[in-house]
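Visitor: Sequence and predicted structure below; questions after.
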Amino acid sequence: MDRPPLARRDWIAGLEKGLAILEAFDSEHARMTPSEAAARTGLTRTAARRYLLTLEHLGYVVGDGKQFGLTPRVLRVGWSYFDSARLPKLVQPYLQQLSARINESVYVSVLDERELVFIARNSASRVMATGFVLGARVPAPLTSPGVVLLAHRADQEAVRRWLDTVELHPFTPHTLTTPPPLLEAIRSARATGYALVEQQLQAGVRGVAVPVKNRHGEVVAALSTNMPIGRESAEKALQRVLAPLQETALALLNIV
């Protein structure tokens, strides 16, 4: 959660502000005026307008003179990760085998600040509405892979401090939004080596995740599956999917 400081001589403030403008757009702020962008980024209205106009000139936003919105060109930045990153390509054959074995959609994901990002996936043969698209971002503490990754952070005190400040919104009647139960889930995952999370983001959906380690023993990602709860108990679900998940994670040890 805490990054080491960067030397002042190496810091480019303009780049930071330009990226802040791009990140200010979301589902509730799909189009913004310079004043709205300034309020969301802490910039002055004049500075926000100049950044928006520069981004418009570069093709990353489009404006009508008053409001601005993102263009598909922004996807170039995000998808450059999938084109260049090694991990998503390496794990794909293993995900295909695992998905066929347990007949569920499976995922590899990583932490990005307060969010979990899905960087690789393979769908089950049957159609279900319990999955995540590639690149999806969700609150980390509300997912089984997010819990696993938080559980394996070296500085657990930093995780606790972070949970004290994060604001979580209820997605279902079962969503945990306060630190104590979330911390208990993280402690359990650290002790058992896996996480089972139910109905946090979507009612009727269960997730199971295990850590993915590199050859040095460092946790670099999480391997997970989502499934409808249906009539299957949590114990039965674990009996069915946990061992295949763990075996696949162990196989990945030699390649990541």
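Guide: All right, it came through fine.
Visitor: Thr177 and Pro139, how far apart?
Guide: According to CB to CB, to the nearest Å, Thr177 stands 10 Å off from Pro139. All C-beta atoms are positioned from the backbone trio N, CA, C, and that covers glycine.
Visitor: Next: Leu149.
Guide: Counting by CB to CB, the gap from Leu149 to Pro139 is 12 Å.
Visitor: so what sits against both of those two?
Guide: Counting by CB atoms under 8 Å, 6 or more residues apart in numbering, the contacts common to Leu149 and Pro139 are Leu116.
Visitor: the more surrounded of the two?
Guide: Leu149 (26 against 19; other CB atoms under 10 Å).
Visitor: show me where the stretch 101-250 of the chain has strands.
Guide: 105-112, 115-122, 137-139, 195-198, 205-213, 219-228 (DSSP state E, counting those that start in this stretch).
Visitor: For Asp2, give me the pLDDT.
Guide: As predicted, Asp2 sits at a pLDDT of 58.
Visitor: actually Ala24, not the one I wrote
Guide: Reported pLDDT for Ala24: 94.
Visitor: what do you get for the one 5 residues further on?
Guide: In the prediction, the pLDDT value recorded for His29 is 93.
Visitor: before we move on, what about Met128?
Guide: At Met128, pLDDT is 49.
Visitor: How about Ala158?
Guide: pLDDT, Ala158: 90.
Visitor: again with Pro244
Guide: Looking at Pro244, its pLDDT stands at 97.
Visitor: Give the helix, strand or coil label for the spatially most distant residue from the centre of the chain.
Guide: Most distant from the centre of the chain: Gly65, at 34.3 Å, with distances by CA atoms, centre = their mean. Here Gly65 is recorded as coil under DSSP: H, G, I helix; E, B strand; the rest coil.
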